[in-house]
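Novice: here you go, sequence then predicted model.
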Amino acid sequence: MRSLARAAAALVLVSAPGGAFAGGVAGGSPGGPPDASRPARAAERAPARSAAAPLPGAGTPPQPSPDTLADPSLVRLRFGWPAAGEVQTTQRRTRLRTGQAPSATTTRFIQRLERRDGALRISTAGTTWEGDAPYPGPPGAVDGVLRASEEVVQVVSPEGEFRALEGVEALLPAMARLLEGAVPPDQVERALGFAEAAMQAQAREMWNLAVGFWIGADLELGERYGMRTEAEVPLVGTKAEFEQEFSVRRRVPCSARHRDERCVEVTLRSAPDPAALPGLTRAVIAQLAGPDAKLPEEALRELFVENELLLVTEPATLRPHRFVWTRSVRATIAGGDGSGEPRVLEQVDRSESDYRYDPPARKKPARKAKRAASRG
C-alpha cells in the first residue's frame, strides 16, 4: 500500500494544468487553506468591514469603491479574470533534502483562458522543461506525459470557485508507462486511481492558495490575521490542526517590468498546532532518516514544520503575477551516543511561478491600395 501511495505521489507533478496558477509541489497535498475557509469569513482578527462583497461580473475588473478611496489602507480582494487571454508562465521547483543531491526543474508553458459553457477554462500548451526531470521515468515517457497533460483543462466557476480538472483520462496511458517496473502490473490501475484523486485534490488546493482563498476578503494593509484549519502535514501525509497567519503586507509593482503599484504582496504562514507535533515525531523521522534508521523518539531535540506563501496579485481581479510556495520540515536529533553534535535532517520543497499577461495582439488595419496616377 505504501509503495502504491509513493508511486501515485510521484505522478502528481503531471497535473501542471491543475496547479497552473499556483505551481504545485510533488509529493501530495500542499497543505494549503481549504476552499471553505476564506479570510473574510474565518479570520480571528478580521476588521468590521470584512464581510464579502458581491463579486464583479466576469471579465470586468471592479472599480474602487468610495469606501476604498476614502481608506487606502483597506485592500479589497475580488475575482475578475478576463474571459479570454494568454499567460506566459515559468515555474521553478527545487528540493533540498538531507543525504540527497539537490534537484531543480524549470518548466515553461502558455496558459490559455477561455470562457465557455458558463465557466472559465484554463488549458496549457507548448510545455518545455530544463534541469532535472519533473518526475522519474525514461525521457520518452516523460515527454509523453507532458504532451498528454496539455489535454487536461482546469475549470473554474464565474465566481472564481474551483470546479474540476477535465480530461484527466487522457493522462492515464502515459502515466501507466511511467509506472512500469515501479509497481506490480496488477496494481497499476490502483496506483493510477490514487494519482488521479491526488491530482484533483492538489489542483483545488493550489488554486485556493493563489486565488480562491482570498475572494471577497477586505483586509487592512499591514494587519496580521489568524485562523485555524485542518491540513496535511508535509512528508507524512496525515491531517493535523494548523495555525495560520496571513497578511497583505504592502502595495508593490506587479513585476520588474512595471513601475506603478497595482499589485499587493500577500503572505501566509501555517504550522501544525504545537500540541500535534509529538504525535508526528516517529513518522517524520522515518521519512527523513529512512525506514531502516534506528532512532529512539527521545533522540529528537526539535521538530519544525512550516508552509509559507508569498503571493503578488492584483487585488481588483486576483490575477497572480508571482507565487512562491515553500514547505519545510526539519528535525534536530541528538548525536550517535546521545551526547554528541546534534544532527539536522530536513527537506525543503519550493515552487516559484511567474506569470506574464501579454495584451491581446491588435489586428493591423488593411492597407488601401494606392490608385495609379492618371496620365494626362
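Specialist: Received, thanks.

Novice: where does pLDDT dip in the stretch 151-300 of the chain?
Specialist: 290-299 (pLDDT under 70).

Novice: in it, which spans are strands?
Specialist: 153-156, 162-166, 218-220, 224-232, 239-252, 263-272, 300-313 (DSSP state E, counting those that start in this stretch).

Novice: in a markdown table: the ones you listed, plus mean neighbour count and distance to Gly212.
Specialist: To be clear about C-beta, it is placed using only N, CA and C from the backbone, and glycine gets the same treatment. Output for the strands of the stretch 151-300 of the chain, formatted as a markdown table (neighbours: other C-beta atoms under 10 Å; distance: least, C-beta to C-beta, whole Å):
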| stretch | mean neighbour count | distance to Gly212 |
| --- | --- | --- |
| strand 153-156 | 22 | 8 |
| strand 162-166 | 17 | 6 |
| strand 218-220 | 23 | 15 |
| strand 224-232 | 17 | 14 |
| strand 239-252 | 18 | 14 |
| strand 263-272 | 20 | 13 |
| strand 300-313 | 19 | 12 |
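
Novice: now those strands in JSON lines, with distance to Val188?
Specialist: Formatted as JSON lines, those follow (distance: least, C-beta to C-beta, whole Å):
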{"stretch": "strand 153-156", "distance to Val188": "25"}
{"stretch": "strand 162-166", "distance to Val188": "21"}
{"stretch": "strand 218-220", "distance to Val188": "46"}
{"stretch": "strand 224-232", "distance to Val188": "25"}
{"stretch": "strand 239-252", "distance to Val188": "27"}
{"stretch": "strand 263-272", "distance to Val188": "34"}
{"stretch": "strand 300-313", "distance to Val188": "32"}
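
Novice: endpoints of stretch 91-105, how far apart?
Specialist: Stretch 91-105 stretches 8 Å from its first residue to its last (C-alpha to C-alpha, to the nearest Å).

Novice: the strands of the stretch 151-300 of the chain: which one's closest to Pro82?
Specialist: Comparing the strands of the stretch 151-300 of the chain against Pro82 with C-beta to C-beta, the closest turns out to be strand 153-156 (12.5 Å).

Novice: what lies in contact with that closest one?
Specialist: 17-18, 20, 81, 119-123, 162-167, 203, 207 (C-beta atoms under 8 Å, 6 or more residues apart in numbering).

Novice: drop anything exposed from these.
Specialist: 17-18, 20, 81, 119-123, 162, 165-167, 203, 207 (16 or more other C-beta atoms under 10 Å).

Novice: output stretch 172-180 as CSV, restricted to C-alpha atoms.
Specialist: C-alpha atoms of stretch 172-180 as CSV (Å, rounded to 0.1, in the frame of the first residue of the first chain):
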residue,chain,number,x,y,z
LEU,A,172,-3.7,7.7,-17.7
PRO,A,173,-2.0,5.8,-20.5
ALA,A,174,1.1,8.0,-20.3
MET,A,175,1.2,7.7,-16.5
ALA,A,176,0.9,4.0,-16.7
ARG,A,177,4.1,3.9,-18.8
LEU,A,178,5.9,5.8,-16.0
LEU,A,179,4.7,3.2,-13.5
GLU,A,180,6.1,0.2,-15.5
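
Novice: pull out the buried positions in that stretch.
Specialist: Applying 16+ other C-beta under 10 Å to stretch 172-180 flags Leu172, Ala174, Met175, Ala176, Leu178, Leu179 as buried.

Novice: hang on, the earlier thing: which one of the strands of the stretch 151-300 of the chain lies closest to Val329?
Specialist: strand 300-313 (5.3 Å).

Novice: what angle sits between the helix or strand harbouring His321 and strand 300-313?
Specialist: His321 is part of strand 320-333 when elements are defined by DSSP states H and E. Orientation of strand 320-333 against strand 300-313 (axes from the mean of the first three to the mean of the last three C-alpha atoms, to 10 degrees) gives an angle of 180 degrees.

Novice: which strands or helices does strand 320-333 pack on?
Specialist: Packing contacts for strand 320-333, counted by 3 or more C-beta pairs under 8 Å, 6 or more residues apart in numbering; DSSP states H and E, involve helix 188-210, helix 277-289, strand 300-313, strand 343-357.

Novice: paired strands for it, with orientation please.
Specialist: strand 300-313 (antiparallel), strand 343-357 (antiparallel) (DSSP bridges).

Novice: tell me the SS of Trp129?
Specialist: strand (DSSP: H, G, I helix; E, B strand; the rest coil).

Novice: now do the contacts for it.
Specialist: Under the criterion of C-beta under 8 Å, 6+ apart, the contact list for Trp129 reads Thr105, Thr106, Thr107, Arg108, Leu146.

Novice: mind checking how far it is from Glu161?
Specialist: 30 Å (C-beta to C-beta, to the nearest Å).

Novice: and the nearest residue to Phe304 once chain neighbours are set aside, how many neighbours?
Specialist: Of all residues not flanking Phe304 in the chain, Arg330 sits nearest, at 4.4 Å (C-beta to C-beta, 6 or more residues apart in numbering). If you count neighbours by other C-beta atoms under 10 Å, Arg330 ends up with 17.

Novice: beta partners for Arg330?
Specialist: With DSSP bridges as the criterion, Arg330 is bridged to Phe304, Glu346.

Novice: quick one: which of the buried ones among the contacts of strand 153-156 is nearest Cys254?
Specialist: For these, the nearest to Cys254 is Trp81 (14.7 Å; C-beta to C-beta).

Novice: and the closest one, which of the three is it?
Specialist: What three-state DSSP gives for Trp81 is coil.

Novice: tell me how far it lies from Glu159.
Specialist: 11 Å.
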